[in-house]
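[1] I need the structure of the sequence given here:
(2 chains)
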Amino acid sequence: MKIIERLESRNLVEALLINEKLRRKSTTDTTKIIQEWRERRYGESGS
Amino acid sequence: MEKVVADASVIVKWFVNDVYSENAIKLRDEFINEVEIVSTELMSYEVLNALKYTKLFKKDSFTILTRESFRYYKLQQCKNRAESKCLSYQNDNSHDHLVNRDSTCSNFFAFWIITLHKLIRSARFRDYERIRDYPIIGTIIWMIGSFEIDSSIQVVGSCIVLYGFILLLYNHYSEEITDTKAKS
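    Residues are numbered from 1 along each chain as shown, chains lettered A, B, ... in the order given. Just a heads-up that it's a prediction; the model follows:
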């Protein structure tokens, strides 16, 4: 169990490192991209 | 550990510097020690799709991001929409990243049903026993929808109520017209 926990925490650290390394500055609004995708998929109500 | 429901638009901001991405990163930092993030099953697809459409990542970096960074976070996923909504209602309003848009929708329907009920009660009922059942059945279905937190069931209930209400009005006015014709 301890080994699994250690590995999981290591994974989280790795995830954070990669996340920080790959973060880019966006020119387009990502929220709008998701909103438009949802509108296309579910209609304007979004549900 | 406290559970927080996060929308895909928040998780995307972990990987992209955007408006309010500072708040999203704050949530990520909290997620490591203090809170547990819960999301819908579709969240991962929505996030990766949005990242793809930003066209900021090359194919290699995108696969690394998908396979290692995103997967390693191991965000807890809700089994259904109702579970995620229940959790989002349980959370405090202080978390402005919560998904809570359906609460306004439910309040609107509740207001609508109450207004309809008042109107129906004020109308003449004695001759329209069958039609009177429509709003009652509709309200019951709507209530089932609100318990299950499923807006589609609520919509069906509301439609039945509306249908009954239209029939009631139609019968009411058609009888009035026949009465005035008979009198004349």
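[2] what segments of the chain are strands?
    Looking at chain A here, since you left the chain open. Using DSSP state E, the strands found in chain A span residues A:24-25.
[3] wait, chain B was what I had in mind.
    Secondary structure of chain B (DSSP E): strands located at B:2-5, B:16-17, B:35-39, B:76-77.
[4] could you dump those into TSV and include mean pLDDT, distance to chain A and mean neighbour count?
    For every residue, glycine as well, the C-beta is placed using N, CA and C. Putting the strands of chain B into TSV (pLDDT from 0 to 100; distance: least, CB to the nearest CB, whole Å; neighbours: other CB atoms under 10 Å in any protein chain shown) gives the following:
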stretch	mean pLDDT	distance to chain A	mean neighbour count
strand B:2-5	80	15	18
strand B:16-17	89	4	18
strand B:35-39	79	12	19
strand B:76-77	65	13	12
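[5] and chain A, which residues reach chain B?
    By CB under 8 Å from any CB of the partner chain, the part of chain A that sits against chain B consists of A:8, A:11-12, A:14-16, A:18-19, A:22-26, A:28-31, A:33-35, A:37-38, A:46-47.
[6] how about low-confidence regions in chain B?
    Applying pLDDT under 70 to the predicted model, the residue ranges of chain B that meet it are B:74, B:76-134, B:148-150, B:172, B:175-184.
[7] now tabulate the strands of chain B in JSON lines and tack on distance to B:L168.
    Below are the strands of chain B laid out as JSON lines (distance: least, CB to CB, whole Å):
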{"stretch": "strand B:2-5", "distance to B:L168": "41"}
{"stretch": "strand B:16-17", "distance to B:L168": "54"}
{"stretch": "strand B:35-39", "distance to B:L168": "44"}
{"stretch": "strand B:76-77", "distance to B:L168": "45"}
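[8] indicate which one of these is closest to B:T54.
    With CB to CB as the measure, strand B:16-17 is the member of these nearest B:T54 (6.2 Å).
[9] residues contacting that closest one, please?
    For strand B:16-17, the external contacting residues (CB atoms under 8 Å, 6 or more residues apart in numbering or on different chains) are A:R23, A:R24, A:K25, A:S26, A:T30, B:L51, B:T54, B:L56.
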